[in-house]
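K.L.:
build me a structure from this.
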Amino acid sequence: MGRKRHSPEEITGKLREPEVLIARGQTTPQAARATGMTEQTYYRWRREYGGMKADQAKRLKELERENQRLRRAVSDLALDKMILEEVDRGKFSAPLADASRSITCGTSWARPDKGRAESSVSTDRHSEGRR
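P.N.:
Below you'll find the predicted structure:
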């Protein structure tokens, strides 16, 4: 059975239910079970979302996602910078003459006769239609 991901709004709503039951005299494990969550989930959610309103919890999650995206971008840029610095120092001495020759020679990965065969077939079809 897969895990269900709860939205921040759902979590803050579900946290209020056990708090009411605890205020009425139930123990924390009993209140958590009565609302359909484990005690561990209750404590984890209370630690992360305790005292927040739904809109605050939603904003927190948005900021966490944005922070994660920015950290990934910074790490990618740092890696690019490190690679460029190593190339500048001469650690990677790739033969540039061979690389430039293969790029500028104009060779194609396609078969050389493939283009000619297709073009002659297409001209034959057009000429037949005109007859």
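K.L.:
list the contacts of the nearest residue to residue 22 once chain neighbours are set aside.
P.N.:
Spatially, and ignoring its direct neighbours in sequence, residue 22 is nearest to residue 31 (4.9 Å; Cβ to Cβ, 6 or more residues apart in numbering). The C-beta positions use only the backbone N, C-alpha and C, and glycine is treated the same way. Residues near residue 31 by Cβ atoms under 8 Å, 6 or more residues apart in numbering: 17-19, 21-22, 42.
K.L.:
all helices for this structure, in order.
P.N.:
With DSSP state H as the criterion, the chain has helices at 8-23, 28-34, 39-49, 54-89, 96-104, 112-130.
K.L.:
out of the contacts of residue 31, which are buried?
P.N.:
17-18, 21, 42 (16 or more other Cβ atoms under 10 Å).
K.L.:
for residue 15, see how far away the closest residue to residue 32 other than its chain neighbours is.
P.N.:
The spatial neighbour of residue 32 that comes closest, neighbours along the chain excluded (Cβ to Cβ, 6+ apart), is residue 42 at 4.0 Å. Plainly put, residue 42 is 8 Å away from residue 15 if you go by Cβ to Cβ, to the nearest Å.
K.L.:
got it, and residue 59?
P.N.:
17 Å.
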